[in-house]
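*Asks:* pasting a predicted model and its sequence here:
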Amino acid sequence: MSTSPSKTPQLANFKLRPYQLEAVAAALAKRQPGSKVLVVLPTGSGKTEVIVELTEKLSNKQVIVITPRKKLLDQLRKNLRAHGVCSSMRGNDQGDKHGLIIGTDQTISRRFNFIQPDYVILDECHWKYDKITRKFPNAIVIGLTATPYRHNMHITKCGQQWEEIYSISLPDLIKQDYLVPPHSMATQAELNCDLADRTTLTEVTKKIVPALVSAVREEGREKILVFCTDIAHAESTASLLGRAGEKSVDIVHSKQPKLTRDKAFGDFETSTGRSWLVNVGLVTMGVNIPKIDCIAILRSITSFALLVQIIGRGLRLYPGKLNCLISDFLIRVRNKPQCQEVGMALFSIS
């Protein structure tokens with residue numbers, strides 16, 4: 001795909017885009033109690049806006065919105081009308097006066113047991129929500145996801161009884177200028193290694209980082225998101241970036257205190273000039289940083305859904321951003337099936 005599109009995509013305004021309106025209309029078409037309908041909207045296409053519009057259209061109904069992560073819950077809390085909350089970390093205000101209740105899947109599956117909703121809206125519905133949906137057998141369930149896969153199999157084929165009623169593809173959104181295109185950087189040949197062998201992984205990374213830094217500088221990229229195998233790998237990668245002369249390098253991983261992670265995200269997003277965020281599995285859902293213009297994959301990926309989520313982090317619109325550089329260094333786990341080839345075809349990366 002060309003690195004110089006003929007025009008810079010225009011930023012979306014606040015009104016719903018045509019495909020978002022289509023998704024809402026399809027989801028709200030007359031349904032029987034107990035129906036489970038699936039809406040597929042790619043990363044960066046505005047699922048939150050669709051959920052907000054759904055709740056507005058259902059303001060005369062009892063609605064529960066469920067999401068798998070607190071960061072996603074916080075995004076919804078900022079945008080939804082008056083609501084109750086069912087979350088172990090965000091409160092437990094779910095009284096009968098609320099026609100709309102939002103919560104995390106874990107808390108609702110354990111503690112929610114007295115309101116039978118008319119509608120249940122599931123964010124990231126490729127997660128295993130089976131236990132929750134069984135609690136509400138008469139509700140109409142609307143599931144939204146960017147990646148309707150489990151173990152590389154579409155969820156409609158996993159015994160979940162979903163009916164896919166609306167979807168739009170990443171290539172379509174790119175053609176319509178709602179997302180920027182990915183641009184693949186040619187990398188060295190496939191690197192087969194045992195990721196449990198720390199010495200081998202370190203030596204492989206030492207070869208990768210100089211090439212990555214050189215490409216980023218040559219391409220003029222400013223916000224680079226790096227995906228590593230584990231915490232030790234992330235720390236060594238950050239150290240190598242520093243030794244290569246990169247001044248702004250932050251790390252985020254699950255073992256850090258929340259304040260440390262939040263500061264790293266904030267520094268990465270607001271810093272001027274070139275900056276790097278090295279992460280271990282924390283920037284695949286619920287993170288919206290449109291400035292990201294380079295994704296570096298320094299880990300093996302065996303999940304097609306994960307690959308889509310990773311690449312999607314860099315496709316959001318931002319002024320002056322023409323595309324997102326995708327640097328997949330193809331670190332492989334020996335003897336395990338991979339999905340990069342399928343993913344590259346999906347995104348039409350050349």
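*Replies:* Nice, thanks for sending it over. Numbering: from 1, shown residues only.

*Asks:* C-alpha from now on. contacts and neighbour counts both.
*Replies:* Noted.

*Asks:* stretch 306-320: end-to-end distance?
*Replies:* Distance between the two ends of stretch 306-320: 27 Å, counting by CA to CA, to the nearest Å.

*Asks:* ok now it, how far from the chain's centre?
*Replies:* 8 Å (CA atoms, centre = their mean, to the nearest Å).

*Asks:* report the buried residues of it.
*Replies:* Using 16 or more other CA atoms under 10 Å as the test for burial, stretch 306-320 gives 306-318.

*Asks:* closest to Val213 among those residues?
*Replies:* Val213 has its nearest neighbour among the buried residues of stretch 306-320 in Gly314, at 17.6 Å by CA to CA.

*Asks:* can you tell me the element the closest one falls in?
*Replies:* Using DSSP states H and E, Gly314 sits in no helix or strand.

*Asks:* for it, which non-adjacent residue is spatially closest?
*Replies:* Using CA to CA, 6 or more residues apart in numbering and skipping residues adjacent in sequence, the residue nearest Gly314 is Ile292, 5.1 Å away.

*Asks:* which residues are contacting stretch 246-259?
*Replies:* 231, 234-235, 238, 241-242, 261, 264-265, 267-268, 274-282 (CA atoms under 8 Å, 6 or more residues apart in numbering).

*Asks:* what subset of these is buried?
*Replies:* 231, 234-235, 238, 241, 261, 264-265, 267-268, 274-281.

*Asks:* taking these one by one, which sit in helices?
*Replies:* Using DSSP state H, the members of the buried ones among the contacts of stretch 246-259 that fall in helices are Ile231, Ala234, Glu235, Ala238, Leu241, Arg261, Ala264, Phe265, Asp267, Phe268.

*Asks:* could you measure from the closest residue to the fifth one other than its chain neighbours over to Ala234?
*Replies:* With CA to CA, 6+ apart as the criterion, Leu241 has its nearest non-adjacent residue at 6.8 Å, and that residue is Val209. Using CA to CA, Val209 is found at 12 Å from Ala234.

*Asks:* with Ile101 instead?
*Replies:* Taken as CA to CA, the span from Ile101 to Ala234 is 38 Å.

*Asks:* any idea which element Leu317 lies in?
*Replies:* Under DSSP H and E, no helix or strand contains Leu317.

*Asks:* wait, it touches Pro290, no?
*Replies:* Yes: counting by CA atoms under 8 Å, Leu317 touches Pro290, with 6.0 Å between them.

*Asks:* returning to that earlier point: mind giving me CSV with the buried residues of stretch 306-320 and columns for distance to Lys36 and pLDDT?
*Replies:* Below are the buried residues of stretch 306-320 laid out as CSV (distance: CA to CA, whole Å; pLDDT from 0 to 100):
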residue, distance to Lys36, pLDDT
Leu306, 24, 81
Leu307, 26, 82
Val308, 24, 82
Gln309, 23, 84
Ile310, 27, 88
Ile311, 28, 88
Gly312, 26, 88
Arg313, 28, 90
Gly314, 31, 93
Leu315, 29, 93
Arg316, 29, 93
Leu317, 32, 94
Tyr318, 35, 94
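
*Asks:* show me where the stretch 251-350 of the chain has helices.
*Replies:* 258-270, 304-312, 340-347 (DSSP state H, counting those that start in this stretch).

*Asks:* so how many other residues sit close to Leu201?
*Replies:* 20 (other CA atoms under 10 Å).

*Asks:* tell me how far it lies from Pro210.
*Replies:* Leu201 is 15 Å from Pro210, by CA to CA.

*Asks:* next one: Ala26
*Replies:* From Ala26 over to Pro210 the distance is 49 Å, taken as CA to CA.

*Asks:* again, but for Leu54
*Replies:* Distance from Leu54 to Pro210, by CA to CA: 47 Å.

*Asks:* the closest residue to Thr147 other than its chain neighbours: neighbour count?
*Replies:* Closest residue to Thr147 apart from its sequence neighbours, by CA to CA, 6+ apart: Ala305 at 5.2 Å. Ala305 sits with 22 neighbouring residues when counted by other CA under 10 Å.
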